[in-house]
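> pasting the sequence and the predicted model now:
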Amino acid sequence: MVAKTDAIVVVDFGGQYAHLIGRRIRDFNVYSEIVPYDGAVEEIEELRKKYHVKGIIFSGGPSSVYRDDAPEKINRLFELGLPILGICYGHQLIAHVAGGRVKAADRKEYGITLATIDRPLGVLKGLKRKEKVWMSHSDTVYSVPSEYLVLAHTENCPVAALKHRDRPIFGLQWHPEVTHTENGERMLHNFIFEVCGCRRNWVMGDFVKRAIREIRQETGGKKCIIALSGGIDSSVATALAARALGKRLTAVFVDHGFMREGEPEFVKKTFAKMGINFVAVDARKRFLQKLKGVTDPEEKRRIIGEEFIKVFEEVAKRVGADYLIQGTIYPDRIESGFRRRSEKIKTHHNVAGLPTKMEFRGIIEPLRDLYKDEVRRVAERLKLPPEIIRRQPFPGPGLAVRITGEITPEKIKIIKAADRIVREEIERAGLKDGLWQYFAVLTNTKSTGVKGDARAYGYTVAIRAVESREAMTASFAKIPYEILERISTRITNENPDVTRVVYDITHKPPATIEWE
Ligand code: XMP
């Protein structure tokens, strides 16, 4: 019998930092989940079946305690008897529910602030008298009732940290999860280990064993199928399922023709030797056929998604699989709004669209609780090749969303060659590890050039290189000019149809990472 993994639950009040708090907790090898404040008690009860929930963190949020319905909704959370840490809005909420005075601040605090630690207790144990903390709030706690102690203050905020006299309930007006709070990590560490008594038992080795056992149990000797793209998520899910199922697993690799140069061969070589059934479908012609004359980005994504499902369905029927395995990861579930409504920016094509159309006895998502870097750690445990572990994310529709306008065989050839050059040069310059993604885009703009003393009229290629943690936001990378120069020279020299190369200097937001 394996002991349950300890967990901290982050109650999300709509702040931009809930994920960051979740990530920080996992960095301590403690499991974390984010739940919306609405229905949090029910979610926690559900989580308790699988995890040993040891504490709750209230995230920040854009609201005001006296304007919304959160206070009534969280009352029951206090009755669970678990330690609580409120951050920013969460801190104000604790004070408000207790009957303290919270109101719009006379002076808003934003940025790095000096806090005076009056009582270095609990979450603030071991801290200096003066601490640099990161603040971002317009409401302020002015007083708390007598059952609460004030642990810290700032120039404009009389109750910047609080603690219940007898119970493990804490509040911090600042954000310990943001790196600008100098000892933020220490504060979170204090809460997780000293206050909640967590053990560091969220480890990837255990995860691998557990996942394999669960896949075996859930599928009960039946056949399973997985769509394998060669990206890290579906590769890891395939490798885990391969260990659990062997020949009962069929991995389907659909070559839609928009893969990077060398990719189909690489995926075939890597997975064909895993002791599973491996089916590679060359569907290049049918995808191109369907996309003829299509220029609208969303239309392209929709067609590719649909065609993908058709190809996959055909194989699934042939194989007679009962279960579908998917490489869905935690942010996918959060972003696809499984708990929260989220605005649709673009139709992400991944295998998540499959089950709505297809009939399976069940769907298994072994990576459903993991963040990307945890998936990478699992990949290391499974000894997947470094090319898979460290590869940059690649969109499901592939290079098709990096060709603006109609997709033609000529354009595919140009983008493949340009993409290879970008990869080669960035990797040769040793810049790869600092970048989230780096690639070429073939724009639909033609421009005049001069090649070999003659007028040339050819395509414009854009280079995109970004830094990011989670792809939710990204900054364009400040690639040295010499590298950009080399890329531009090679692309125009090696591609007779390209006359111009530009560098994309837009952050996300306002741009997205991919062009379509
Ligand atoms: P955007 O372009 O929305 O992309 O800023 C964010 C991240 O997601 C990748 N991306 C996709 N991944 N299917 C995927 O699995 C898709 O359809 C898709 N579209 C974009 C993109 O490469 C970036 O890392």
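Arrived safely, thanks for sending.
> next helix or strand past the helix or strand bottoming out on mean pLDDT in the chain?
When each helix and strand of the chain is scored by mean pLDDT, DSSP states H and E, helix 354-357 comes last, with a mean of 62. The first helix or strand that comes after helix 354-357 along the chain, using DSSP states H and E, is strand 362-364.
> for that next one, packing partners?
helix 204-219, strand 323-325 (3 or more Cβ pairs under 8 Å, 6 or more residues apart in numbering; DSSP states H and E). Backbone N, C-alpha and C define where each C-beta goes, glycine included.
> again, 10 Å this time
Secondary-structure packing of strand 362-364 (3 or more Cβ pairs under 10 Å, 6 or more residues apart in numbering; DSSP states H and E): helix 204-219, strand 224-227, helix 232-245, strand 323-325, helix 354-357.
> so which of those gets nearest the ligand?
Closest of those to the ligand is helix 232-245, at 7.8 Å (criterion: Cβ to the nearest ligand atom).
> tell me where the model's unsure across the chain.
1-2, 15-16, 335-357 (pLDDT under 70).
> check which element follows the lengthiest strand in it along the chain.
The longest strand of the chain (DSSP state E) is strand 101-117. Next in sequence after strand 101-117, counting helices and strands by DSSP H and E, comes strand 130-143.
> in its sheet, which strands sit next to that next one, and in what direction?
Strand 130-143 sits in its sheet next to strand 101-117 (antiparallel), going by DSSP bridges.
> so the residue of the stretch 1-150 of the chain found nearest the ligand is in which element?
Here the residue of the stretch 1-150 of the chain nearest the ligand is His19; by Cβ to the nearest ligand atom that distance is 14.5 Å. Counting by DSSP H and E, the element that carries His19 is helix 18-27.
> list the helices and strands that helix packs on?
So helix 18-27, by 3+ Cβ pairs under 10 Å, 6+ apart, packs with strand 5-12, strand 31-36, strand 51-58, strand 84-87, helix 184-189, helix 330-335, helix 372-381.
> just those: most buried one?
With neighbours defined as mean count of other Cβ atoms under 10 Å, the helices and strands packed on helix 18-27 peak in mean count at strand 84-87, which reaches a mean of 28.
> so what secondary structure elements neighbour that one?
strand 5-12, helix 18-27, strand 51-58, helix 70-78, helix 89-98, strand 169-172, helix 184-189.
> so how far is it from its chain's centroid?
24 Å (Cα atoms, centre = their mean, to the nearest Å).
> can you list the strands that that strand pairs with?
strand 51-58 (parallel), strand 169-172 (parallel).
> put the alpha carbons of the last one into PDB.
In this case it means strand 169-172. Extracted in PDB, the C-alpha atoms of strand 169-172 (Å, rounded to 0.1, in the frame of the first residue of the first chain):
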ATOM      1  CA  ILE A 169      -4.700  30.800   9.500                       C
ATOM      2  CA  PHE A 170      -2.300  33.300   7.900                       C
ATOM      3  CA  GLY A 171      -2.600  36.200   5.500                       C
ATOM      4  CA  LEU A 172       0.000  38.100   3.500                       C
END
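> list the buried residues for the longest helix seen in the chain?
Longest helix in the chain by number of residues (criterion: DSSP state H): helix 297-319. Buried residues in helix 297-319, counted by 16 or more other Cβ atoms under 10 Å: 297, 300-305, 307-309, 311-312, 315-316, 319.
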